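J.: Could you look at this predicted model? Sequence included:
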Amino acid sequence: QVQLAESGGGLVQPGGSLRLSCAASGSIFSINTMSWYRQAPGKQRELVAAITSGDSTNYADSVKGRSTISRDNAKNTVYLQMNDLKPEDTAVYYCNVDGRYTRGWSTAPFNFWGQGTQVNVSS
């Protein structure tokens, strides 16, 4: 099994910065794409940023130029550095990780979500 532990959310003033972290642990064989999503009240969950095993990145237009996604493969951890935060960035942020875990003598695919971390941008 695989577990995800998120951290780094909180209350920040407009224009401020936050760094979110999501660490994967368990019987991990390999990790493919690591992503951050967010869901604001009354809205659908949306992709914020994603990074592949080859370090290719993809960003939502709303955060492009203000956010940087990165990963530490040795720690199975993905980060989201968010700068110049705006009130519209307020949401619960979820990490999503897909890969393969060891199961006996073989491996099997997994795709798990973190528990979510609240980000509030307000003066």
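T.: Sure, I can see it. Numbers count the residues shown, from 1 in each chain.
J.: quick one, phi/psi of Pro87?
T.: As for Pro87, its main-chain torsions (degrees, to the nearest 10) stand at phi -50, psi -30.
J.: How many residues are close by it?
T.: 11 (other CB atoms under 10 Å). C-betas here are computed from N, CA, C, even on glycine.
J.: Look up how far Phe110 lies from it.
T.: With distances taken as CB to CB, to the nearest Å, Pro87 is found 35 Å from Phe110.
J.: same question, Met34
T.: Noted for Met34: a distance of 12 Å to Phe110, by CB to CB.
J.: Likewise for Arg100?
T.: Arg100 is 7 Å from Phe110, by CB to CB.
J.: mind listing what's buried in stretch 14-29?
T.: 18, 20-24, 28 (16 or more other CB atoms under 10 Å).
J.: To clarify, my last question referred to stretch 110-123.
T.: For stretch 110-123, burial by neighbour count (16+ other CB under 10 Å) applies to 110, 112, 114, 116-117, 119, 121.
J.: Identify the farthest-apart pair in those residues.
T.: Maximum pairwise distance among the buried residues of stretch 110-123 (CB to CB): 32.0 Å, between Phe110 and Val121.
J.: before we move on, the earlier item: which residues are in contact with both of Met34 and Phe110?
T.: Common neighbours of Met34 and Phe110 (criterion: CB atoms under 8 Å, 6 or more residues apart in numbering): Val97.
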